[in-house]
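Chemist: Got a predicted structure plus its sequence, pasted below:
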Amino acid sequence: MEVGSKVFRRRWSLDDIAYDKVDRAVIADNRDWFYLLAASSFVEILSDLYARNLGDYYAGDDETCAWLAYKWGPEEVQHGEALKRYVLTVWPDFDWQRGFDGFRADYAPYCETALLGPTRALEMAARCVVETGTSSFYGMLTHASPEPVLAALAGHIRDDEVGHYKGF
C-alpha cells in the first residue's frame, strides 16, 4: 500500500504459514497452549478497535495516522487471523466465533479514545511498552513451542512487534 511518499508492505502473509504441516499430536492435548493462543487471537484481532482510536487521537498527524491505518493496524489484525487459523487447525471443534464474541463484549468498553494516555507523547510511550511486551511474549512462544509451525508463526509475529516498537 502506498500513501503519499510512504509504502507500507507486510513482511509475510497467512499463505506463508504451513498450516497443512501442523503436527497436532504434539500440541492438541495441551490446554495451556490452547488458552494462550485462543486468547492471543482474540486480542490481536481486536486491534482494529485500538487502531481506529489511535487514529482519532492522532488526528492531524498524517504520517502517524497513515502508519496506524496501513501498517500497524493491518499487521496486528493479521496476527489475530493467523493465530485464529492455527487454533482452528489444532482444535477444530472450538467455537472460535462464540468465544470471540464474548471476549469482544467484555473487552470493547476498554478500547475507547477517551481512555488513551493524557498526552500524545505518553500514549506513544505506552505503546512502546506494549510492543516490547508482545515481542517478548511471541519470542517466548517461538522458543517454547513444541510445534514447529507455531514456532515459525510466533517468530513472524515477534519480528512484526519489534518493528511496531520502532514505529511508535
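Modeler: Looks like it arrived, so ask away. Residues are numbered from 1 along each chain as shown.
Chemist: and stretch 27-43, average pLDDT?
Modeler: On average, the pLDDT along stretch 27-43 is 98.
Chemist: contacts for that stretch?
Modeler: 79-81, 83-84, 86-87, 90-91, 94, 96, 99-100, 103-104, 107, 137, 141, 145-147, 150 (CB atoms under 8 Å, 6 or more residues apart in numbering). Using the backbone N, CA and C atoms, a C-beta is placed for each residue, glycine as well.
Chemist: Which residue is the nearest non-sequential neighbour of P74?
Modeler: Nearest residue to P74, sequence neighbours excluded (CB to CB, 6 or more residues apart in numbering): R10, at 7.1 Å.
Chemist: Looks like that neighbour contacts G73 (just checking).
Modeler: No. Look at R10 against G73 with CB atoms under 8 Å: they stay out of range, at 11.7 Å.
Chemist: quick one on the thing from earlier: name the SS class of the residue nearest to P74, please.
Modeler: Three-state assignment for R10 (DSSP: H, G, I helix; E, B strand; the rest coil): coil.
Chemist: what about it, neighbour count?
Modeler: With neighbours defined by other CB atoms under 10 Å, the count for R10 comes to 13.
Chemist: what does D101 give?
Modeler: A total of 12 residues lie near D101 under the criterion other CB under 10 Å.
Chemist: how near is F8 to I17?
Modeler: Using CB to CB, to the nearest Å, F8 is found at 21 Å from I17.
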